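# need coordinates for the following:
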Amino acid sequence: LTLMAGQILKPLKADARKKYEQLITEVVHQRDVTRLLIERNIKSEQDFEWISNLRYEYDDSENKALEKKLTINIARAQFFYGFEYLGVGERLVQTPLTDRCYLTLCEALHMR
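Here you go, the predicted structure:
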């Protein structure tokens, strides 16, 4: 995080600056979630505090196609990661509210 913050102070092309900003936003969010899990003494994979967070999981145990090995999980919902690249667009700042929105929307997709 310190290294990325130092890089953003240097002259950068607009797209490189935006990439750094998005990475910093993501790392700060991950740090905050990790701290919260530690503070609340979450130790079980079945704990709601753990499963209600977006998690990327790589399964190399089976002979699957690459697109079936990486999944995105949140609560009961599971989606195969499609390696989509949407470019360097604007990014939402992640807050507890956006986390709840991801949880709700993913559960709705799971139930359809």
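
# so Ser61: helix, strand or coil?
Under DSSP: H, G, I helix; E, B strand; the rest coil, Ser61 falls in the coil class.

# how close does it get to Gln78?
According to CB to CB, to the nearest Å, Ser61 and Gln78 sit 16 Å apart. All C-beta atoms are positioned from the backbone trio N, CA, C, and that covers glycine.

# how about Arg40?
Separation of Arg40 from Gln78 (CB to CB) stands at 24 Å.

# strands of the chain, start to end?
In the chain, the strands defined using DSSP state E lie at 55-58, 70-74, 77-80.

# hmm, back to that, neighbour count: Ser61 and Gln78, which is higher?
Gln78 (13 against 7; other CB atoms under 10 Å).

# residues in contact with that one?
By CB atoms under 8 Å, 6 or more residues apart in numbering, the contact list for Gln78 reads Thr71, Ile72, His110.

# helices and strands of the chain: which one bottoms out on pLDDT?
helix 66-69 (a mean of 70; mean pLDDT, DSSP states H and E).

# and the closest residue to Leu1 other than its chain neighbours, what's its pLDDT?
Spatial nearest neighbour of Leu1, excluding adjacent residues (CB to CB, 6 or more residues apart in numbering): Val27 at 5.3 Å. Val27 is assigned 90 on the pLDDT scale.

# surely Val27 and Met4 touch.
Yes. Counting by CB atoms under 8 Å, Val27 sits close enough to Met4 to count as a contact (7.1 Å).

# many thanks, have a good one.
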